[in-house]
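A.B. asks: no FASTA, just this:
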């Protein structure tokens, strides 16, 4: 590649990054629609192989997605709403319990000074905010009334997602074929192989890791509710979402469940604590021995620190759009860096060592 072409590619990437930065407020529905199309394409392809037309296959897949969403709204949302309201009610009591029982015990065990904890200030702030209203619906209504245009924009984006997803899914194979037809003929094989590797990594994450998160959230939520934890569903779903980072879901969910169990059952009640330990132990065993090997495998290759950095950097640069883009972009960059590393090891820049492998290093 000549220097002029290198500068042309660099300018193109810089322009693309600037364009994404400028358009990120309106990109969210298109990115979510693209995600739906990417997730649904294998199902539509399978229906096509069974003799169904592409359009009817897309209609059936979207109908399936709609039924799953409707079931979640009818069953899960009311339960989650009740637990959120319960958390809203017990938050001041949990702070009282921390201030009067848990933290003094920890303070005595660790030998900390008497004014080390500042829970009274935190309690005053939270109680003040909670005391501003006793009606959550009234608060939400006031917020909606104050930002009606923002609500209309949010609803418009929400309605745009299925429309974008439907048309992208219907024309997915056609768009891929047209993009392949634009590739330079002498580089087509290499670029297709590179894109195939990126597709394998993205598929492993988007389909595999998301299913692992869903399964872990279900396991934790059902297990904690069977233990009798009032906030079991909320903590289980939180742990499932946090499982996007390896071991983060276990740490967050286990810590929150222990605190909730200690507060709800009073003191160190043995059986609820054992139940919490059993639930998260079973979840970890199933994740390590069954879910991750079966649904994800070893194809992602993203280090947990890289996952955390990608999510935080994406959110800082592009907001919610950046969070949606963070891990897919990080997975693609990981594949490209792997190939760049191979090219570097074969290049003249890397070269050969000036001394043999058995020669001692020079002390001059």
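C.D. replies: All right, it came through fine. These figures come from a predicted structure and were not determined experimentally.
A.B. asks: for this protein, which helix is longest?
C.D. replies: Longest helix in the chain, counting residues (DSSP state H): helix 3-49.
A.B. asks: Which neighbouring elements make contact with that helix?
C.D. replies: Judged by 3 or more Cβ pairs under 8 Å, 6 or more residues apart in numbering; DSSP states H and E, helix 3-49 is in contact with helix 54-71, helix 148-170, helix 172-181, helix 304-318, helix 320-346. All C-beta spots, glycine's among them, are computed from the backbone N, C-alpha and C.
A.B. asks: Repeat the analysis, applying 6 Å as the threshold.
C.D. replies: The helices and strands touching helix 3-49, judged by 3 or more Cβ pairs under 6 Å, 6 or more residues apart in numbering; DSSP states H and E, are helix 54-71, helix 148-170, helix 320-346.
A.B. asks: What mean pLDDT does it get?
C.D. replies: What helix 3-49 shows for mean pLDDT is 82.
A.B. asks: OK, contacts around residue 217?
C.D. replies: 236, 237, 240 (Cβ atoms under 6 Å, 6 or more residues apart in numbering).
A.B. asks: mind listing what's buried in whichever strand or helix holds it?
C.D. replies: Using DSSP states H and E, residue 217 sits within helix 210-227. For helix 210-227, the neighbour count (16 or more other Cβ atoms under 10 Å) marks 210, 212-217, 219-221, 223-225, 227 as buried.
A.B. asks: which of these lies closest to residue 95?
C.D. replies: Proximity of the buried residues of helix 210-227 to residue 95 was ranked by Cβ to Cβ; the top entry is residue 224 with 21.7 Å.
A.B. asks: thought that closest one was touching residue 232?
C.D. replies: Yes. The pair residue 224 / residue 232 is scored as a contact, 3.2 Å apart, by Cβ atoms under 6 Å.
A.B. asks: ok, back up a step: I'd like the next helix or strand past the helix holding residue 217.
C.D. replies: helix 232-242.
A.B. asks: Neighbour-wise, which one of the contacts of residue 217 leads?
C.D. replies: Within these, residue 236 tops the neighbour count with 27 neighbours, counted by other Cβ atoms under 10 Å.
A.B. asks: For that one, list the residues it contacts.
C.D. replies: So residue 236 contacts 217, 220, 221, 224 (Cβ under 6 Å, 6+ apart).
A.B. asks: Can you tell me what sits against stretch 279-288?
C.D. replies: Against stretch 279-288 from outside (Cβ under 6 Å, 6+ apart): 216, 219, 220, 223, 224, 250, 254.
A.B. asks: can you pull the buried residues of that stretch?
C.D. replies: 279, 280, 283, 284, 287.
A.B. asks: Contacts only, for residue 253.
C.D. replies: Residue 253 sits in contact with 220, 235, 239, where contact means Cβ under 6 Å, 6+ apart.
A.B. asks: mind redoing it with 8 Å?
C.D. replies: 220, 235, 236, 238, 239, 240, 242, 280 (Cβ atoms under 8 Å, 6 or more residues apart in numbering).
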